[in-house]
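J.: missing the sequence, but the structure's below:
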C-alpha cells in the first residue's frame with residue numbers, strides 16, 4: 001500500500017510525514033498529480049489561507065487530481081485546511097473551493113470573548129460510528145489550530161463535532177472522503193490510532 005500526501009505549499013507536511021513513517025507506511029509526498037494518482041490512499045493536509053491554497057492547487061492541476069481520486073472510490077483523508085476546501089466555498093477570501101462536499105467554511109464569530117484562532121486540545125464527539133474511530137473513546141481530545149470550520153449543507157455529512165463557544169462540525173464524511181478539522185498527526189496516541197485506522201479503512205465495506 002502506498003499513501004500519497006498532497007504538497008501544495010500549505011505547510012504541515014513534516015508532521016504528517018513523521019506520523020506516517022512511525023506507522024511504517026510507504027508514502028509519497030508530491031505536487032505531481034500523476035504520482036499522487038498512483039497511490040492507493042490520499043492524505044490532503046494543510047494550514048493557511050483557503051484562497052491562496054486554491055490558487056496553488058489549480059496552478060498545479062491538483063484540484064482535478066483530488067476530484068479524480070475521490071471519484072474513483074479510494075480512501076481520502078482531509079486534514080485542517082484540507083477539510084475546509086473540499087467544500088464548495090470558504091468565507092476566507094470568498095474562495096471557490098473544490099466543490100466535492102456541499103457546504104461552506106465559515107469563521108468563528110467575533111465578540112464571544114474567545115480567542116481566534118481556536119488553538120489547543122478539545123474534546124470531539126462522534127456523531128456516528130465509523131471505522132476511523134475504532135479503539136478511540138467517545139470524547140477524546142484532539143489538537144486544533146483554526147479560525148474557520150466546516151459547515152456542510154446536510155446533517156448526514158457531519159462525522160463528529162466539537163465545541164468552542166458554540167457546537168461546530170469538526171469532521172466530515174462523504175462516501176470514501178473523510179476530513180477532520182483537528183490534526184490527528186499532532187494528537188498523540190489517539191491521533192496515530194485514527195491515522196492507522198485510515199490505512200485499513202475500506203469504504204465499500206458495511207461496518
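T.: Good, I have the coordinates. What you are looking at is a predicted structure, and each value in this text was computed from that prediction instead of being measured.
J.: what's across from residue 173 in the sheet?
T.: residue 178 (DSSP bridges).
J.: surely it and residue 133 touch.
T.: No - taking contacts as CB atoms under 8 Å, residue 173 lies outside contact range of residue 133: 10.8 Å. C-betas here are computed from N, CA, C, even on glycine.
J.: pLDDT below threshold where in this protein?
T.: 206-207 (pLDDT under 70).
J.: buried residues, the helix ranked longest in it. List them.
T.: Longest helix of the chain, by residue count under DSSP state H: helix 188-200. The neighbour-count check on helix 188-200 (16 or more other CB atoms under 10 Å) flags 190-199 as buried.
J.: ok, now stretch 125-133?
T.: Buried residues in stretch 125-133 (16+ other CB under 10 Å): 126-127, 130, 132-133.
J.: if we can go back for a sec, which one of the buried residues of helix 188-200 is nearest to residue 71?
T.: Comparing those against residue 71 with CB to CB places residue 198 closest, at 18.9 Å.
J.: mind listing what that closest one touches?
T.: By CB atoms under 8 Å, 6 or more residues apart in numbering, the residues touching residue 198 are 41, 43, 75, 77, 132, 178.
J.: I'd say the last one and residue 158 touch.
T.: The reference is to residue 178. No - using CB under 8 Å, residue 178 is not in contact with residue 158; the gap is 11.7 Å.
J.: find residues that contact each of those two.
T.: 171-172.
J.: settle it for me: which of the two has more neighbours?
T.: Higher neighbour count among residue 178 and residue 158: residue 178, with 26 against 19, using other CB atoms under 10 Å.
J.: for stretch 143-152, which residues meet the burial criterion?
T.: When neighbours are counted by 16+ other CB under 10 Å, the buried residues of stretch 143-152 are found to be 143-144, 146, 148-150, 152.
J.: residues in contact with it?
T.: Stretch 143-152 is contacted from outside by 47, 50, 80, 83-84, 87, 90-92, 101-108, 116-122, 158, 162, 164, 168-170, 172, 179, 181-183, 186-187, 191, using CB under 8 Å, 6+ apart.
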